[in-house]
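Asks: the following comprises the amino acid sequence and a computationally predicted model.
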Amino acid sequence: MPNPVLAIQDARVGYGDGAARVQALAGISLSFAPATVTLIMGPSGSGKTTLLSVLGCLLRPDTGHVLIDGQEAGNLSEPERTALRRRHIGFVFQAFRLFRSLNSLQNVLIAAEIAGVADAAMREQARQLLDRLGMSKKLAAKPKALSGGEKQRIAIARALLCKPRIVLADEPTASLDSKAGREISEILQGLAERGGHTVVVVSHDPRWEAFARRTVVLQDGCVVDDRSREL
């Protein structure tokens with residue numbers, strides 16, 4: 001495997017106290033290489049969302065290490081972790097998380113405003129991203145005028161605007177019909193295969209296996225299967 005862009009080592013996360021405590025992650029170690037799509041699967045309660053939150057530096061593990069481009073994230077202060085996350089990681093969510101009062105272009109540019117780099121060059125970059133994703137005619141459209149697949153394209157453009165090396169997607173096709181879901185799957189696969197991104201997708205949908213080079217299956221906070229294949 002090429003040098004990993006993203007890795008966790010012996011990560012453990014528990015919720016609750018005493019007899020009610022649940023081990024969401026029970027000592028997981030995984031590495032993720034560039035130019036690959038990794039699919040994380042498993043039943044509800046297996047630890048998939050917790051794992052994605054730890055990988056995205058949204059949640060600190062109780063014990064263990066998170067490495068982003070070789071840098072240990074666990075020892076950083078919260079502002080330093082936030083800066084690391086904004087620099088390296090783009091997020092795509094099932095619910096799109098678009099602002100209803102903003103149009104497509106403005107929703108993408110939110111990422112630049114949060115990062116403090118909103119300028120004319122970033123605006124042009126947002127336009128180019130939307131064009132690449134087939135949304136050039138919907139720049140002025142607000143979310144209520146967009147289909148689910150179009151909303152997810154806006155969300156992907158927003159995730160990519162600041163050029164992260166890592167894209168983490170939580171059930172990105174769960175609320176889409178089969179055609180739109182396939183299109184979004186192909187876009188995320190293309191980000192990895194042609195764009196060199198490290199893409200990690202959490203999904204219950206077995207159709208994702210056709211787009212992933214690697215599938216990791218979780219159960220009770222543990223990795224029970226980790227298989228790779230050639231596409």
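Replies: Here it is on my side, so go on.

Asks: measure stretch 91-109 end to end?
Replies: 14 Å (C-alpha to C-alpha, to the nearest Å).

Asks: stretch 84-95 now?
Replies: 24 Å.

Asks: stretch 206-218 now?
Replies: 14 Å.

Asks: now the helices: where do they sit in the protein?
Replies: 48-55, 78-88, 104-115, 120-132, 148-160, 178-193 (DSSP state H).

Asks: and among those helices, the most buried is which?
Replies: Using mean count of other C-beta atoms under 10 Å, the stretch among those with the largest mean neighbour count is helix 148-160, at a mean of 24. Yep, even glycine has a C-beta here, placed from its N, CA and C like the rest.

Asks: could you say what helices and strands that helix packs with?
Replies: strand 89-93, helix 104-115, helix 120-132, helix 178-193 (3 or more C-beta pairs under 8 Å, 6 or more residues apart in numbering; DSSP states H and E).

Asks: need those in JSON lines (columns: distance to residue 150 and mean pLDDT).
Replies: Below are the helices and strands packed on helix 148-160 laid out as JSON lines (distance: least, C-beta to C-beta, whole Å; pLDDT from 0 to 100):
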{"stretch": "strand 89-93", "distance to residue 150": "14", "mean pLDDT": "94"}
{"stretch": "helix 104-115", "distance to residue 150": "8", "mean pLDDT": "92"}
{"stretch": "helix 120-132", "distance to residue 150": "10", "mean pLDDT": "94"}
{"stretch": "helix 178-193", "distance to residue 150": "8", "mean pLDDT": "94"}
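
Asks: of all those, which one is nearest residue 148?
Replies: With C-beta to C-beta as the criterion, residue 148 lies closest to helix 178-193 of the helices and strands packed on helix 148-160, at 5.8 Å.

Asks: elements contacting that closest one?
Replies: Going by 3+ C-beta pairs under 8 Å, 6+ apart, helix 178-193 lies up against strand 36-41, helix 148-160, strand 166-170, strand 198-202.
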